[in-house]
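# just the structure for this:
(one chain, ligands or ions: 1)
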Amino acid sequence: MTARSITVAAAQLGPIQKAEPRKVAVERMVRLMERAHRRGVELVVFPELALTTFFPRHYHADITEADHWFETTMPSNQTAPLFAAAHKYGIGFHLGYAEIAHEPDETGTVQKRRFNTSILVNPDGDIVLKYRKVHLPGHAAFDPGRKVQHLEKRYFEVGNLGFPVVRAAMGDLAGINMGMLICNDRRWPEAWRVLGLQSVELVLLGYNTPSLNMEAGGFEAHHLRVFHSHLSIQAGCYQNACFAVATAKAGTEDGCELFGHSIIVNPQGEIIAMATSWDDELITADCNLDMCTLGRTTIFAFDKHRRPEAYARITAQVGAVEPPIWTKQAAE
Ligand code: CDT
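Residues are numbered from 1 along each chain as shown. Model prediction:
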């Protein structure tokens, strides 16, 4: 029996400065796709908000002043070269971008809505999966206590598409179960498990993570920033028996350092490729999807071993509550 295998790439991007037009960013991405094609890659993963600088660090009092960072159509004239390259090279791609959609809100009224979005596109140019970031970090109002703002809660609504997984043809394979997370989502085991419960085999994930904790909430050693990113992705893959391609935007962008360290991880939780630069860099790996079977038929055979009746707090509760206090009298 031949292995179900796909060759994937994390197409890390070096910094995109505030003044850099989308055209230049797209040209850089097309060059990475050309390189990917030469290396036999079948699916390329670009970072979160890959077309512009990480603009949530910039404050606009009037949110509409930030609209120029957003895409209103996909593809557009500016992003069409990515779709053309995908077609030319027979490569699928994952793209993170800021999305403006005119959609009904929860009351049914059509509104202008803003999301931190990613899409999975096949070589024919079909958008086979769309995801909108659920775990938005940062804050909504200008914070004078911070050296650098992180205004995702100002510019984006919480994603309203859940954590979808789709089975679609990619590379030589007739079907791969693929899902997406965006940046901060990778730190939340609940998000990975919702993907795992849909038999995900390959998670596509883009991120922009500062090298320093700008929240000034306490000391966090510099080297632990990368450790926590890798720890989260490796645990997510192991516990859900899947591969992940996790792609960073890296380097010093608008004076702020992003740590890079893009990785590809297998279902054993091992890093099988890692970026070493803070620049545009392509890392690749052959993923034998049959490797997902071991975890999902043994230690993480969900149907045999999960105990949802004991997990009610996971969905019933947001913040943590205090436990009861033990006393000798109560114990007797
Ligand atoms: N883009 C993104 O989600 N970044 C966050 C930084 C958290 S600091 C507010 C991350 O989790 O990597």
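
# quick one: is the biggest helix by length in the chain near the ligand?
Secondary structure of the chain per DSSP state H: the longest helix is helix 222-240. No: residues of helix 222-240 contacting the ligand under Cβ under 6 Å from any ligand atom: none, with a closest distance of 6.8 Å. (C-beta placed from N, C-alpha, C; glycine too.)

# then stretch 134-151?
Yes: using Cβ under 6 Å from any ligand atom, stretch 134-151 reaches the ligand at 137-138, 150.

# pull out the buried residues from those.
Among those, the ones that count as buried by 16 or more other Cβ atoms under 10 Å are 138, 150.

# as TSV, the residues of stretch 134-151 next to the ligand with pLDDT and secondary structure would be great.
Output for the residues of stretch 134-151 next to the ligand, formatted as TSV (pLDDT from 0 to 100; DSSP: H, G, I helix; E, B strand; the rest coil):
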residue	pLDDT	secondary structure
Pro137	97	coil
Gly138	95	coil
His150	95	coil
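
# now the longest helix of the chain: how far from the chain's centre is it?
13 Å (Cα atoms, centre = their mean, to the nearest Å).

# helices or strands up against that helix?
Packing partners of helix 222-240 (3 or more Cβ pairs under 8 Å, 6 or more residues apart in numbering; DSSP states H and E): helix 189-196, strand 202-207, strand 243-248, strand 256-259, strand 263-265.

# who touches the longest one?
Going back to what we said before, that points to helix 189-196. 134-135, 162-163, 165, 179, 181, 185-186, 203, 235-236, 239-242, 300, 302, 314 (Cβ atoms under 8 Å, 6 or more residues apart in numbering).

# relative orientation of that helix and strand 202-207 in degrees?
Angle of helix 189-196 versus strand 202-207, following axes from the mean of the first three to the mean of the last three Cα atoms, to 10 degrees, is 140 degrees.

# only C-alpha atoms, please: export helix 189-196 in PDB.
Extracted in PDB, the C-alpha atoms of helix 189-196 (Å, rounded to 0.1, in the frame of the first residue of the first chain):
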ATOM      1  CA  PRO A 189      -6.000  23.200  23.700                       C
ATOM      2  CA  GLU A 190      -9.800  23.500  23.200                       C
ATOM      3  CA  ALA A 191      -9.300  24.800  19.700                       C
ATOM      4  CA  TRP A 192      -7.000  21.900  18.700                       C
ATOM      5  CA  ARG A 193      -9.400  19.400  20.200                       C
ATOM      6  CA  VAL A 194     -12.400  20.800  18.200                       C
ATOM      7  CA  LEU A 195     -10.200  20.200  15.100                       C
ATOM      8  CA  GLY A 196      -9.200  16.800  16.400                       C
END
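
# what's the mean pLDDT across it?
Over the span of helix 189-196, the pLDDT mean works out to 98.

# pLDDT value on Cys287, please?
On the pLDDT scale, Cys287 gets 98.

# spell out the residue ranges of the strands in the stretch 1-150 of the chain.
Using DSSP state E, counting those that start in this stretch, the strands of the stretch 1-150 of the chain run over 5-12, 43-45, 92-104, 110-121, 127-132.

# the ligand contacts on the stretch 101-250 of the chain?
Selection of the stretch 101-250 of the chain residues close to the ligand by Cβ under 6 Å from any ligand atom yields 137-138, 150, 183-184, 187, 207-209.

# change it to 8 Å
116, 133, 135-138, 150, 152, 182-187, 207-210, 213-215, 229 (Cβ under 8 Å from any ligand atom).

# among the residues you listed, the buried ones, what's the ChimeraX command?
Selection of buried members from those for ChimeraX, criterion 16+ other Cβ under 10 Å:
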select :116,133,135,136,138,150,152,182,183,184,185,186,187,207,208,209,210,214,215,229
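
# and the contacts of the host helix or strand of Gly175?
Using DSSP states H and E, Gly175 maps to strand 173-182. Residues outside strand 173-182 that contact it (Cβ under 8 Å, 6+ apart): 4-6, 48, 94, 96, 116, 118, 120, 128-129, 131, 133, 163-170, 191-192, 195, 198-207, 289.

# quick one: buried ones out of the residues you listed?
4, 6, 48, 94, 96, 116, 118, 120, 128-129, 131, 133, 163-166, 168, 170, 191-192, 195, 198-207, 289.

# help me confirm that Met170 comes into contact with Phe93.
No: taking contacts as Cβ atoms under 8 Å, Met170 lies outside contact range of Phe93: 10.4 Å.

# got any residues that touch both of those two?
With Cβ under 8 Å, 6+ apart as the test, Met170 and Phe93 both reach Leu43.

# tell me the pLDDT of Arg146.
Looking at Arg146, its pLDDT is 89.

# now do it: how many residues are near it, please.
Other residues near Arg146 number 15, with proximity taken as other Cβ atoms under 10 Å.
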